[in-house]
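In: Could you work out the structure for the sequence below:
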Amino acid sequence: MSEFLDAVEKGIKKSWAWILVLILVIVFWYFHILDDVIRGLLPFLGVILLGRLAWIWWVHYVQQDFISGIDFVLLEIIPPRDVLRSPKAMELFITNALYHWSNKGGKESYWQGAVWFWFSLEIASIEGQVHFYVRTPTRVRSMIETQMYAQYPQAQVRAVEDYTLAVDEITQEGAWNGWGCEFKLDKPEAFPIKTYVDFGLDKDPKEEFKVDPISPVVELFGSLQKGEQMWMQIVVTPSKKEYHTHGTWFGHHNWVQESQIEIKDLLTPYARQNKKYDQGKEVGYTLEYRTPDFLKNAIDGMNKKTAKLGFDTGVRIMYVAKKEAWNMSNRRNIRLIFRQYAKPDCNQFERFNSTQADAFGGVFTITPKTIMVLANRMLNEYRERSFFHSPLRHHLLNKETVPWPFTSMFWPVFFQNQTFVLNVEELATMWHFPGQILKVPTLERIESKEASPPTNLPM
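Out: All right, here's what the predicted structure looks like:
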C-alpha cells in the first residue's frame, strides 16, 4: 500500500500543473464560467498566436539572411603516405578545429540572425579515385589547416572546386541517375555506436593486426568504374540540443543530462530502496542502482559517450552515375557501408529518407518521375550540406505534417532532416585516414615526406 501511495505522490509532484489546470477547467465548466472566459480570452489568445507566428517567421528570415552571407570553401585533405597514428589524432583534430561553441546575445541571435558555423566531413569517389574533404566557412579555414597539420604534419590541405557541381540535374531527360539516403540512430542518442576503441585501435597495434572500420568504405569507394561516383558527408555543429525537463513548464536540459536520465530509466526496474533516517526518524529513502550483467555494456558505453564533446550530426550518402554506367549493385552496396558501426545492444544506424519507389511507405509506390525528383532534391541538399536551418517549406510540408496518402497529393512533400548527437570519438571513427594496411591504389596519398631545409645551408 505504501508503494502505491508513494507512486501517487510522485505522480502528483510531476504533473501538479496539469492537475491544477484540469481542476480549474472542471470548476469553470460546472459553474458555467467557461463560456465567458473563452469569449474574453479568445482575442488575447489570437494576438499571442499571431505574435508567435510572426516571431518564428522573423527569426527564420534573419537567420537565412545571415547564412546567405557565409562564404564556404571546400578543402581537400591528402593524407600522408604513412599514417601511423590511431584515429585518436583525428579525434583531437575534430575537437580543436570544429567545436566552435559560443554564447550569442539577443542582438546577434534575433536581429542579426547569427548562427553557429557547421562543417562537413566528406569522403568522395570520382570514378574510383578516393578523396577526403572538409567543407568549412572561409573565416575558420586557417584553423582547419593548422589543426590538421598539428596532427598530420605530412598531409596536404588545398582548396578545390566542389565536386558535386560536375553532376547536372537528375531528371528523366538528363544524363545522370542517382540514389541517396540519410541515416538516423535506431535508439536514443544516449546509446553509442561501435567506435575505433571497440576495434582496439586506441592500443596502437602493429599494422598487420589492425582492423580498421573505415576500410570497407574506402574499398567500396575505390572499386567504382568510369562514369560512377559515390559520396558520403557527415555534417556537424557543436551540440546545442535541448530537451524539455519532465515535470516543469519551461525547464530544459542538454544531451548529457538527457543521457543520464536514459541511464536512470534503464536501471530503475533494478533499483533497491534504502530507508533514509534523520535523527533516528525515517524521512524517506534513497535508491541503490544495481546494473544487471546484460546491461553493463550499454551503461558503460553511455557513460563513456558523455565524457567527450558532442556534435549535432547529420549523415547523408549518394551514388550518382551516368545512365549508361549505372550499376544497381553499387546502389545496394552503398546502403551497407555503416554496418560495421552497429552494436545491437547499444545503437546502430538506420536508413532514412531513401530516394526510391517505396519512399513514402504504404501500399502504393511512387512513379519513376517522382523518384527522379526525390533524387534531384537529395543532390541539391547534399550540395548545400543542409541539415541545419532548413528552408521554411521543409517545416510546413513534410512527411510528418502531411500524412499518407496525402503525401502524393501535395507537391512537393519534403522529408524532414533528422539530426542526432555523436561525440568526437564516434565522428573520428567514421572519418579518419586509413593506415598502410589498406592498399587501395586509387586513394591519393603524399608519396614522399616533406621536411624543412636545414638552417646551416651555405648561402
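In: Contact partners for residue 184?
Out: 349-350, 352, 418, 420 (CB atoms under 8 Å, 6 or more residues apart in numbering). All C-beta spots, glycine's among them, are computed from the backbone N, C-alpha and C.
In: Apart from its chain neighbours, what residue comes closest to residue 62?
Out: The shortest distance from residue 62 to any non-neighbouring residue, by CB to CB, 6 or more residues apart in numbering, is to residue 113 (3.1 Å).
In: Next, format the contacts of residue 184 as CSV and append secondary structure.
Out: Below are these laid out as CSV (DSSP: H, G, I helix; E, B strand; the rest coil):
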residue, secondary structure
349, strand
350, strand
352, strand
418, coil
420, strand
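In: for this structure, what's the longest strand?
Out: Ranked by residue count and defined by DSSP state E, the top strand of the chain is strand 310-322.
In: That strand pairs with which strands, and in what direction?
Out: strand 176-185 (antiparallel), strand 228-238 (antiparallel), strand 420-423 (antiparallel) (DSSP bridges).
In: among the contacts of residue 184, which ones are buried?
Out: 349, 420 (16 or more other CB atoms under 10 Å).
In: got CSV for the contacts of residue 184, with distance to residue 392 and pLDDT too?
Out: Shown next, in CSV, are those (distance: CB to CB, whole Å; pLDDT from 0 to 100):
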residue, distance to residue 392, pLDDT
349, 28, 95
350, 27, 93
352, 22, 88
418, 18, 87
420, 23, 94
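In: Looking at the contacts of residue 184, which one is closest to residue 244?
Out: Closest to residue 244 out of the contacts of residue 184 is residue 420 (17.2 Å), distances taken as CB to CB.
In: Identify the bridge partners of that closest one.
Out: Beta-bridge pairing for residue 420 (DSSP bridges): residue 313.
In: quick one: it and residue 313 touch, right?
Out: Yes: using CB atoms under 8 Å, residue 420 is in contact with residue 313, at 5.9 Å.
In: longest helix in the chain, by residue count?
Out: The residue-count maximum for a helix in the chain (DSSP state H) belongs to helix 34-68.
In: and after that one, which helix or strand comes next?
Out: Remark: after helix 34-68, the chain's next helix or strand is strand 72-78, criterion DSSP states H and E.
In: Contacts for that following strand next, please.
Out: With contact meaning CB under 8 Å, 6+ apart, strand 72-78 is reached by 131-138, 141, 144-145, 148, 155-163, 385, 433, 444-446.
In: Spatially, what comes nearest to residue 251 if we skip its sequence neighbours?
Out: Nearest non-adjacent residue to residue 251, counting by CB to CB, 6+ apart: residue 245, 3.4 Å away.
In: Distance check, residue 45 against residue 273.
Out: 45 Å (CB to CB, to the nearest Å).
In: tell me the contacts of residue 21?
Out: Residue 21 neighbours (CB under 8 Å, 6+ apart): none.
In: Report the backbone C-alpha coordinates of the helix or strand hosting it in PDB.
Out: Residue 21 belongs to helix 16-30 when elements are defined using DSSP H and E. C-alpha atoms of helix 16-30 as PDB (Å, rounded to 0.1, in the frame of the first residue of the first chain):
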ATOM      1  CA  TRP A  16       0.800  19.100 -10.500                       C
ATOM      2  CA  ALA A  17       0.500  21.900 -13.100                       C
ATOM      3  CA  TRP A  18      -1.700  19.900 -15.400                       C
ATOM      4  CA  ILE A  19      -3.800  18.600 -12.500                       C
ATOM      5  CA  LEU A  20      -4.400  22.200 -11.400                       C
ATOM      6  CA  VAL A  21      -5.400  23.200 -15.000                       C
ATOM      7  CA  LEU A  22      -7.800  20.300 -15.100                       C
ATOM      8  CA  ILE A  23      -9.400  21.200 -11.800                       C
ATOM      9  CA  LEU A  24      -9.900  24.800 -13.000                       C
ATOM     10  CA  VAL A  25     -11.500  23.700 -16.300                       C
ATOM     11  CA  ILE A  26     -13.900  21.400 -14.400                       C
ATOM     12  CA  VAL A  27     -14.900  24.200 -11.900                       C
ATOM     13  CA  PHE A  28     -15.400  26.700 -14.800                       C
ATOM     14  CA  TRP A  29     -17.500  24.300 -16.700                       C
ATOM     15  CA  TYR A  30     -19.600  23.300 -13.700                       C
END
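In: How far off centre is it?
Out: 41 Å (CA atoms, centre = their mean, to the nearest Å).
In: for stretch 274-289, same thing?
Out: On CA atoms, centre = their mean, the centre of stretch 274-289 falls 42 Å from the chain's centre.
In: And stretch 172-183, by the same measure?
Out: Worked out by CA atoms, centre = their mean, stretch 172-183 lies 22 Å from the chain centre.
In: swap in stretch 221-231?
Out: Computed by CA atoms, centre = their mean, the chain-centroid distance of stretch 221-231 equals 25 Å.
In: Next, the buried residues of it.
Out: Buried-residue list, stretch 221-231, by 16+ other CB under 10 Å: 221-224, 227-231.
In: Take those residues and write them to CSV, including pLDDT and distance to residue 335.
Out: Formatted as CSV, the buried residues of stretch 221-231 follow (pLDDT from 0 to 100; distance: CB to CB, whole Å):
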residue, pLDDT, distance to residue 335
221, 94, 14
222, 91, 18
223, 91, 15
224, 93, 15
227, 92, 20
228, 95, 15
229, 96, 16
230, 96, 11
231, 97, 14
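In: three-state assignment of residue 158?
Out: Applying three-state DSSP: residue 158 is strand.
In: Any idea what it is bridged to?
Out: With DSSP bridges as the rule, residue 158 is bridged to residue 76.
In: can you tell me which residues contact it?
Out: So residue 158 contacts 75-76, 78 (CB under 8 Å, 6+ apart).
In: So which of those is the closest to residue 68?
Out: Nearest to residue 68 among those, with distances taken as CB to CB, is residue 75, at 21.4 Å.
In: Secondary structure class of the closest residue in space to that closest one that isn't next to it in sequence, three-state.
Out: Using CB to CB, 6+ apart and skipping residues adjacent in sequence, the residue nearest residue 75 is residue 134, 4.8 Å away. Secondary structure state of residue 134, per three-state DSSP, is strand.
In: quick one: the longest helix of the chain to helix 16-30, angle?
Out: 140 degrees (axes from the mean of the first three to the mean of the last three CA atoms, to 10 degrees).
In: Buried residues in helix 34-68, which are they?
Out: 60, 62-63, 66.
In: what stretches of the stretch 51-200 of the chain score poorly on pLDDT?
Out: Across the stretch 51-200 of the chain, nothing is flagged by pLDDT under 70.
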